[in-house]
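Visitor: Predicted model, plus sequence, below.
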Amino acid sequence: VLSFIIFICYIASLAASFMMAPLLEFLLALFLFFAYASKLNEKFKGVHWPLADFLRCVTAAIIYFAISIAAVSKYSDGASKAAGVFGFAATIVFAFDFYITFNDLVAFLKQGSSDDAPEGRKTEDEDSDSDSD
């Protein structure tokens with residue numbers, strides 16, 4: 001929702017050249033929302049969904065921070081200032097989401113490494129059994 005508000009503010013401002021970043025972020029967030037809502041993350045196991053969400057949060061926080069600084073410092077109209085202020089708020093929200101998603105990503109990666117570990121141990125045990133024969 002915040003990305004959509006920022007997108008509308010940039011359309012109404014003199015800083016309309018910045019409107020593409022909030023639009024893309026809004027569409028990407030909408031896609032991931034519907035992917036999780038329709039359980040696509042359970043159907044497509046090959047895609048690392050927590051990593052995709054993590055990268056989306058990191059890039060969104062960085063991009064919103066950069067364009068907000070540019071919009072507030074370079075343009076003097078009210079819509080640009082509002083978009084910049086909402087952009088700084090979005091930076092904070094995405095940084096918080098980045099923190100939460102990072103914890104999910106670590107749990108996801110630990111789960112993946114624990115699934116791989118028994119297979120590695122089995123082959124080592126089999127190798128030591130064949131050496132003793």
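Guide: That came through, no problem.

Visitor: hey, let's count contacts and neighbours off CA atoms from now on
Guide: Fine.

Visitor: Please identify the helix or strand for S80.
Guide: Element membership for S80, per DSSP states H and E: helix 78-132.

Visitor: burial count for I6?
Guide: Counted with other C-alpha atoms under 10 Å, the burial measure for I6 works out to 28 neighbours.

Visitor: In terms of pLDDT, where does it sit?
Guide: In this model, I6 is scored at 89, pLDDT.

Visitor: helix/strand/coil for R56?
Guide: Under DSSP: H, G, I helix; E, B strand; the rest coil, R56 falls in the helix class.

Visitor: How about stretch 58-70, which residues are buried there?
Guide: Neighbour-count burial for stretch 58-70, with 16 or more other C-alpha atoms under 10 Å as criterion, is recorded at V58, T59, A60, A61, I63, Y64, F65, I67, S68, A70.

Visitor: I figured the fourth one hits D97, correct?
Guide: In other words, A61. No. With contact defined as C-alpha atoms under 8 Å, A61 does not reach D97; the gap is 9.4 Å.

Visitor: right, and A12 touches K81 too?
Guide: No. A12 sits out of contact with K81 when judged by C-alpha under 8 Å, with a separation of 11.1 Å.

Visitor: Comparing those two, which residue is more hemmed in?
Guide: The neighbour comparison of A12 against K81 (other C-alpha under 10 Å) goes to K81, with 23 against 16.
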